[in-house]
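# okay, here's the prediction I keep looking at, along with the sequence it came from:
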Amino acid sequence: GAGVSQSPSNKVTEKGKDVELRCDPISGHTALYWYRQRLGQGLEFLIYFQGNSAPDKSGLPSDRFSAERTGESVSTLTIQRTQQEDSAVYLCASNNAPGTTPPVFGPGTRLTVT
Amino acid sequence: KNEVEQSPQNLTAQEGEFITINCSYSVGISALHWLQQHPGGGIVSLFMLSSGKKKHGRLIATINIQEKHSSLHITASHPRDSAVYICAAPSYGGSQGNLIFGKGTKLSVKP
């Protein structure tokens, strides 16, 4: 597609439920990143996929968070047993040749845990 | 792990003023990013630079690799430039991998 797309754009869920967020990167982009932005806060790194390499999961805040990527396409971020502090905008970005091209960001998924 | 500091945190300017936003980082890198986050939340990459200076329209980004410092300048600022400007650097130095972000500079340009 022309850009990075994310779905859903908004998600409201009850505390304790599981949620799945989806990211469709730009076709051909080998690198994919997930970030989180809490209200009024800066961007926090969550996880980074690069080609067939093992993902860098160092930013995942707890074992309730996991992410998968199928080849060089779609990625899903799963949050189990959601907590109110998980409320944030979850942003996905992708690029090709990391280090030589800037990342392209998706519009984000706004997650609200009630 | 890299630490990225931005200043100022907030900036109010009158239309037409020259704007400077500063960014410093702690671990040597070979590429630094400047991003713009619109009031609606969308994020756009403005620059990725590894040395010297880059210019795009009224925006100019400079970097001094030895001093671990970068600046973003806006000439002839306009109300539509109002946004949060964020610098970001690779977490572990170099140019690849995940990015560490500054806290952002919220710019408001008054007509």
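Now that the structure is in, tell me what you want to look at.

# once you drop chain neighbours, what's closest to A:Thr112?
Closest residue in space to A:Thr112, ignoring its immediate chain neighbours: A:Val12 at 4.7 Å, by CB to CB, 6 or more residues apart in numbering or on different chains. Just so you know, the C-beta spots here come from the backbone N, C-alpha and C atoms, and that holds for glycine as well.

# got a list of contacts for the helix or strand in which that neighbour is found?
If you go by DSSP states H and E, A:Val12 is part of strand A:10-13. Counting by CB atoms under 8 Å, 6 or more residues apart in numbering or on different chains, the neighbours of strand A:10-13 from elsewhere in the structure are A:19, A:21, A:82, A:109-114.

# in strands, which of those residues appear?
Applying DSSP state E to the contacts of strand A:10-13, the entries found in strands are A:19, A:21, A:109-113.

# which other helices and strands contact the helix or strand where A:Arg36 lies?
Using DSSP H and E, A:Arg36 falls within strand A:31-37. Contacts of strand A:31-37 with other secondary structure elements, assessed using 3 or more CB pairs under 8 Å, 6 or more residues apart in numbering or on different chains; DSSP states H and E, are made with strand A:43-50, strand A:75-79, strand A:88-95.

# ok, the shortest one: who's next to it in the sheet?
Right, strand A:75-79. Applying DSSP bridges, strand A:75-79 is found paired with strand A:19-24 (antiparallel), strand A:65-69 (antiparallel).

# count the residues that sit near residue 62.
You didn't say which chain, so I picked chain A. The number of residues packed around A:Ser62, counting by other CB atoms under 10 Å in any protein chain shown, is 11.

# was after chain B, sorry
For B:Thr62, the count of nearby residues is 17 (other CB under 10 Å).
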